[in-house]
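Participant: The following comprises the amino acid sequence and a computationally predicted model.
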Amino acid sequence: MGCVLIAAVVRERQVLGIVPSTFTEKNLIGITCGKELKVATMHDLLLKMMEFGDAFIALPGGFGTLEELFQIVSWA
């Protein structure tokens, strides 16, 4: 995700990071470029992704990544 973020910022695109507050409290995210929106739960994260997102991609990850992708696809 970091490479995609940097590529977008270099090309002067808008970037919005939507992060569950538990990740920020435990320092599980790195430095963010662009705007950062903290949400309470993963469900809130998906709702905000649907609200603000124009397109979605899934990068290699685990079962959580697949769950998020399938929820977004089923809501679209």
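Facilitator: Nice, thanks for sending it over.
Participant: Quick check: Ser74 is in a strand.
Facilitator: No. Read with DSSP: H, G, I helix; E, B strand; the rest coil, Ser74 is helix and lies in no strand.
Participant: Under the pLDDT cut-off, which ranges of this structure? List them.
Facilitator: 24-32 (pLDDT under 70).
Participant: which residues touch stretch 67-76?
Facilitator: With C-beta atoms under 8 Å, 6 or more residues apart in numbering as the contact definition, stretch 67-76 has outside contacts at 42, 45-46, 49-50, 53, 56, 58. From N, CA and C alone the C-beta is placed, and that goes for glycine too.
Participant: okay if I get these as a markdown table plus neighbour count and secondary structure?
Facilitator: Shown next, in a markdown table, are those (neighbours: other C-beta atoms under 10 Å; DSSP: H, G, I helix; E, B strand; the rest coil):
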| residue | neighbour count | secondary structure |
| --- | --- | --- |
| Met42 | 15 | helix |
| Leu45 | 18 | helix |
| Leu46 | 18 | helix |
| Met49 | 17 | helix |
| Met50 | 13 | helix |
| Gly53 | 13 | coil |
| Phe56 | 12 | coil |
| Ala58 | 12 | coil |
